[in-house]
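A.B. asks: next come a sequence and a model predicted from it.
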Amino acid sequence: MPPSEAVLSPTDGSLAYMTGFANSFATEAVPGALPVGRNSPQKAPRGLYAEQLSGTAFTAPRHANKRTWFYRIRPSVRHGNGFRRVDAGLIRTAPCRDESDLPIGQLRWHPIEMPTEPTDFIQGLRTITTCGDAQMQAGIASHVYLANRSMDNRYFYNADGEMLLVPQTGAIEVFTECGKLHAAPGEIVLIPKGMKFKVDLPDGPVRGYVCENYGAYFTLPERGPIGANCLANPRDFLTPVAAYEDREEPCELLVKSQGKLYTTELAQSPLDVVAWHGNFAPCKYDLRRFSPVGSVLFDHPDPSIYTVLTSPSETPGTANVDFVIFPERWVVMEDSFRPPWYHMNVMSEFMGLIYGQYDAKPEGFKPGGMSLHNALIAHGPDTEAFEKASNRELKPERLSGTMAFMFETRYPMNATGYASSLELMDTGYPDCWDGLAREFRPR
């Protein structure tokens, strides 16, 4: 048993995890590999090298300080020689404002089809929107990923931001320096900035979404008057126990830094961490564990009550990015228009549908699709949703079999050239409101 108590994930049953969000963990894959009482002994146990991965400045306050100590077969300085720049493909990094000539307005895309050529996670990463500036550590990029093969002996780390992976089709197994995580649709994986990993496909082709967060690290939102419980509970976040590769064979390491993609060849796997301890580690979360709260008498509440994770900005209450979901739930409000109301939001909203049907767009919004409503662009229920919600009998209703999400940011998002030229763009999307006729009766 590793130094931290481990549990089996109920969704995959084979991998062990430690529970809690941003806890300080300690775990070893080989007994005696983790030093006791010190971080960097004169000689690390088992002939390993001690190495620290810092997620914050050394002098960050204790409550915000993030770092993890690795005990590995070879130090990362053996992973950093001979880098050369390569084509980043369809990956883009903010600022990226000049690729699209699309006019302002509501945008929607149908699901992108799976690739026919052999494509791994990095090869299938395609940026849809960017905002902010990665070098200024503000803003995000919204990507989709499509893959039909595992990364195998290819590895990656992102020096520009942490990565929130949202599977939509097919399960992924993410092997990181801290260990393995398995995630299927309905779960998410959060990978720290600078952490090496690869993505394997245990069940075939996959598709999903990625939020690349350049700003403050994702954390749990404050509950305020909600109190001590509900929303995402820390105990439901799972961090992997130590696992490592001892592979002495050629492999490739890819690095994204300052918006550029670099590669180098290695003689061994960089996932060679035999033991580690710290609080800068990947985790996964089952979105179905989210405990929603809502209105129990009248009016549709603000979507902020469904915030799973938030990346705060220097302005209190205004996020660099919020990760918001719309899960299964009961709606019971009396004398209320129950779907989201029409609104113009100062925040920008990138939305995706993991499975099921979204109540405000029952037909045009497909699982695997996405929409963009930029700052102060009006949007809301389509004509069909408005008519049904305005005239239905207001009985208690359970929204079942649905999971939508939103990346909501303070920055206007810029569509990439790839996203702007997709034939899958739903050019008729704004037509969904054409049926909203004049109903004004002055007398």
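C.D. replies: Yep, it's here. Residues are numbered from 1 along each chain as shown.
A.B. asks: residue ranges with poor pLDDT in the protein?
C.D. replies: Scanning the chain for pLDDT under 70 picks out the ranges 1-5, 9-11, 13.
A.B. asks: of all residues in it, which one is nearest the centre?
C.D. replies: Here the mean C-alpha position of the chain is nearest to the C-alpha of Leu164 (C-alpha atoms, centre = their mean), at a distance of 2.1 Å.
A.B. asks: helices or strands next to the one helix or strand that residue maps to in the packing?
C.D. replies: In this structure, Leu164 sits in strand 162-169 according to DSSP states H and E. Contacts defined by 3 or more C-beta pairs under 8 Å, 6 or more residues apart in numbering; DSSP states H and E place strand 162-169 against strand 187-191, strand 206-213, strand 348-355. Placement of C-beta: from N, CA and C, glycine included.
A.B. asks: might one say that the residue nearest to the centre of the chain is in contact with Gly208?
C.D. replies: No. Contact criterion C-beta atoms under 8 Å: Leu164 and Gly208 do not qualify, at 10.4 Å.
A.B. asks: what about Arg167, how many residues nearby?
C.D. replies: Wrong residue type there; residue 167 is Pro, not Arg. Pro167 is flanked by 20 other residues according to other C-beta atoms under 10 Å.
A.B. asks: wait, Leu181 touches Asp286, no?
C.D. replies: No. Counting by C-beta under 8 Å, Leu181 sits too far from Asp286 to count as a contact (11.7 Å).
A.B. asks: looking at the two, which has the bigger crowd around it?
C.D. replies: Using other C-beta under 10 Å, the more surrounded residue of Leu181 and Asp286 is Leu181, with 26 against 18.
A.B. asks: helix, strand or coil: sort out that one for me.
C.D. replies: What DSSP: H, G, I helix; E, B strand; the rest coil gives for Leu181 is strand.
A.B. asks: how much space between it and Ala243?
C.D. replies: From Leu181 across to Ala243, the span is 10 Å (C-beta to C-beta, to the nearest Å).
A.B. asks: what of Asn148?
C.D. replies: Look at Asn148 and Ala243: by C-beta to C-beta, they are 25 Å apart.
A.B. asks: list the buried ones in stretch 107-115?
C.D. replies: The neighbour-count check on stretch 107-115 (16 or more other C-beta atoms under 10 Å) flags Leu107, Arg108, Trp109, His110, Pro111, Ile112, Met114, Pro115 as buried.
A.B. asks: and which of the residues you listed is nearest Pro340?
C.D. replies: Arg108 (15.4 Å; C-beta to C-beta).
A.B. asks: so how far is the one helix or strand the closest one maps to off the chain centroid?
C.D. replies: For Arg108, the host element (DSSP H and E) is strand 107-109. Taking C-alpha atoms, centre = their mean, to the nearest Å, one finds strand 107-109 lying 20 Å from the centre of the chain it belongs to.
A.B. asks: skip ahead from it and say which helix or strand is next.
C.D. replies: Scanning onward from strand 107-109 (DSSP H and E), the first element met is strand 125-133.
A.B. asks: for that next one, packing partners?
C.D. replies: Looks like strand 125-133 contacts strand 138-147, strand 348-355, strand 370-373, strand 414-415, helix 417-421 (3+ C-beta pairs under 8 Å, 6+ apart).
A.B. asks: okay, those in JSON lines with mean neighbour count next?
C.D. replies: JSON lines is the format used below for those (neighbours: other C-beta atoms under 10 Å):
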{"stretch": "strand 138-147", "mean neighbour count": "26"}
{"stretch": "strand 348-355", "mean neighbour count": "23"}
{"stretch": "strand 370-373", "mean neighbour count": "24"}
{"stretch": "strand 414-415", "mean neighbour count": "24"}
{"stretch": "helix 417-421", "mean neighbour count": "17"}
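A.B. asks: so for Ala216, which of those sits nearest?
C.D. replies: The minimum distance between Ala216 and the helices and strands packed on strand 125-133 falls on strand 138-147, with 9.1 Å, by C-beta to C-beta.
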